[in-house]
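> Coordinates only, no sequence provided:
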């Protein structure tokens, strides 16, 4: 029994590790979309964040500076989206794809001199009081700061969005630009802030990958996780609290894929590799069956984006 | 004014003379980034070796070229820009290279790892599984749990050779050893590789190795978790000062130099050129401090017996996972057979498909 619990906890914490970068992006992109802007470029922002964070950590020797630089890089690249979409009225889908490709290209090019560098990591909770907790200590100990920060962001974002006046205007911007204007508010600053916050979170997610988790920079290292996160925003219904189970679902399926192989379970590895996509997709389909009429919580302003993209 | 003209004239003559003394143009095509700290990195180190060691050679390269018709266009472009020797370095480039080679009979092609040739297309590779066998010996002598972990990208022959060679090497000194394989379905996905390493370690593996683009990810996780690691493609010892055992690494430079020279002086042969421990195209890295003196000596003795051909890695008996005898005692697998390997040996845990 105890070994069963141990295995289960191993899997849960593995899921949390895998889920963290995705969770950060889901939170940021949810906030962006809550203002009526969709940004498909988060993957590119993650990559630029990962590369910048790793490079700064390598040059300065301080991984925390790396994390800050990653956030700044994410914001900077998201401003390209802001200029195109808010400034020039460009199609949001096209602009997002442009940002995605730009981030991939910039990070690949400027990352070349840092490949194979060794950086210090952010450390973990080992040798703190939590690692002395019986049974749980061995799992809590290895937890790293980016996991904690990302988890902490959930209540903060949720309070901001649902309990403050600014949050209310943020949401109303996403529902209808006209109504927001009629109420005497200019929606532009909210949308700008929303895009920047998405940039911050995706840059941070890149740092979680490159500076914290793998301590390594590799071209294209996000491997599609940013795009998965954009999909998971729908599963999480644009709600920061639901973002956690949605991201954990992805993290758990990815951890399970690897764990089942390590256990030697007799299932084709090709089939197992589809788990991280199959499971969230199934949940999306199931959860949508009852929600079609309401749009599953989609901000009404986003409908315009999808119609104009057609 | 006069001076300017003279300078211009002089510099253009200089430019022409450089042109004249030169320059065999050699072109390289990589399937991934040359900075992957792995397979493509190793090939590119070969290119840099040419730049450094051959005065009359100029190199060009293209990265991230997929294994489809795109690579044909890249090769055509290279040839038209004057490239005389082309190195298509990825396995899946072979059929495309054959087509382009037929079209340009005066250009020489050297494909990495393939098993087909034509008049002006040869192949080169190195039996790095010899080095993986030796790394397995080091792993088998060092492990305490008798469980090894192998993080692998795709089940192609080159990867299977390494898994099997590593396992057989370990079993040769420690019959109880098993190797658990995790497939990541990607040549490069650092997060997945790190997580696969975590999974293997938490299930009891205390030596990790792999065959993905870069060894850095699993080597770092192994170090963090206090277990041993064996590198592949490139030396990653600096990432694991405590747990690094040894690595199997490439050294393409001298082999590529020979190929380019043969194209220049007309001794080119359309053949399957294969390097090994003896030629130095594949070799063991330096040992880490985690390998005891005796174990190091044992590995070096084995290396000597491979080099003087007393011992062959693919000599029978070889058993498949379910215990079926694939190669009888006294038989040895041919080069062709090993390069088409499609099985896992006894003691490997994991499914092929």
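Sure thing, it's come through. Small disclaimer: the values here were computed from a predicted structure and weren't measured.
> Quickly list the domain ranges of chain B.
B:2-126, B:129-249+B:282-349 (automatic domain parsing).
> Looking at those, which one is packed in the most?
Across those, averaging neighbours per residue (mean count of other CB atoms under 10 Å in any protein chain shown) puts domain B:129-249+B:282-349 on top, at a mean of 21. Heads up, the C-betas are built off the backbone N, CA and C, glycines and all.
> any idea how far that domain is from the chain center?
14 Å (CA atoms, centre = their mean, to the nearest Å).
> Let me know the average pLDDT across that domain.
Looking at domain B:129-249+B:282-349 alone, the average pLDDT works out to 95.
> For the stretch 1-150 of chain A, what lies in contact range of chain B?
Within reach of chain B by CB under 8 Å from any CB of the partner chain, the stretch 1-150 of chain A has these residues: A:10, A:14, A:17-18, A:21, A:108, A:111-112, A:115-116, A:118.
> Which of the residues you listed fall within helices?
Counting by DSSP state H, those place A:10, A:14, A:17-18, A:21, A:108, A:111 in helices.
> ok, of those, which come out buried?
Among these, those scoring as buried are A:10, A:14, A:17-18, A:21, A:108, A:111 (criterion: 16 or more other CB atoms under 10 Å in any protein chain shown).
> Next, give me the two most distant ones among those.
Greatest spatial distance among these (CB to CB): A:10 and A:108, at 34.6 Å.
> Would you enumerate the residues in contact with the residue of the stretch 251-353 of chain B found nearest chain A?
For the stretch 251-353 of chain B and chain A, the shortest gap (CB to the nearest CB) falls at residue B:349, measuring 4.5 Å. Contacts for residue B:349 (CB atoms under 8 Å, 6 or more residues apart in numbering or on different chains) come out as A:264, B:178-181.
> thinking again about what came up before, dump the residues of the stretch 1-150 of chain A next to chain B to a markdown table, plus pLDDT.
Listed next are those as a markdown table, based on pLDDT from 0 to 100:
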| residue | pLDDT |
| --- | --- |
| A:10 | 90 |
| A:14 | 93 |
| A:17 | 93 |
| A:18 | 93 |
| A:21 | 97 |
| A:108 | 92 |
| A:111 | 92 |
| A:112 | 87 |
| A:115 | 87 |
| A:116 | 86 |
| A:118 | 92 |
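> Quickly check those residues for the two that are furthest apart.
Once CB to CB is applied, the residues of the stretch 1-150 of chain A next to chain B give A:10 and A:112 as the farthest pair, at 36.9 Å.
> can you give me the helices in the stretch 151-300 of chain A?
Per DSSP state H, counting those that start in this stretch, the stretch 151-300 of chain A carries helices over the ranges A:165-175, A:177-182, A:187-207, A:225-235, A:240-263, A:269-273, A:275-289.
> Tell me which residues of the fifth one come out buried.
In terms of neighbour count (16+ other CB under 10 Å), helix A:240-263 has its buried residues at A:240, A:242-244, A:246-262.
> Enumerate the residues of the stretch 151-300 of chain B near chain A.
B:155, B:180-186, B:188-196, B:198-200, B:202-203, B:213-214, B:216-217, B:220, B:234, B:238-239.
> Out of these, name the ones that lie in strands.
B:180-183 (DSSP state E).
> Which residues are in contact with the spatially closest residue to residue B:35 that is not a sequence neighbour?
What sits nearest to residue B:35 in space, not counting adjacent residues and going by CB to CB, 6 or more residues apart in numbering or on different chains, is residue A:115, at 3.9 Å. Residue A:115 sits next to A:217-219, B:35-37, B:41 when contact means CB under 8 Å, 6+ apart.
> one more time with 7 Å
Shown in contact with residue A:115 (CB atoms under 7 Å, 6 or more residues apart in numbering or on different chains): A:217, B:35, B:37.
> Looking at the residues you listed, which is nearest residue A:43?
residue A:217 (15.7 Å).
> what pLDDT does the closest one get?
94.
> Verify the stated contact: it with residue A:111.
Yes: counting by CB atoms under 7 Å, residue A:111 is a contact partner of residue A:217 at 5.4 Å.
> so what sits against both of those two?
Joint contacts of residue A:217 and residue A:111 (CB under 7 Å, 6+ apart) are residue A:51.
> Reformat the domains of chain B as TSV; add distance to residue A:130.
Putting the domains of chain B into TSV (distance: least, CB to CB, whole Å) gives the following:
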stretch	distance to residue A:130
domain B:2-126	34
domain B:129-249+B:282-349	18
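> Show residues contacting the host helix or strand of residue B:26.
Per DSSP states H and E, residue B:26 falls inside strand B:24-29. Contact with strand B:24-29 is made by B:43, B:47, B:50, B:56-62, B:65, B:71, B:74, B:78, B:82-89, B:93, B:260, B:264, as judged by CB under 7 Å, 6+ apart.
> The residue of the stretch 251-353 of chain B closest to chain A bridge partners, please.
Here residue B:349 sits in beta bridges with residue B:180, as judged by DSSP bridges.
> Which parts of stretch A:116-129 count as buried, going by neighbours?
A:116-117, A:119, A:121-122, A:124-125.
> quick one: residue B:111 from chain A, how far?
24 Å (CB to the nearest CB, to the nearest Å).
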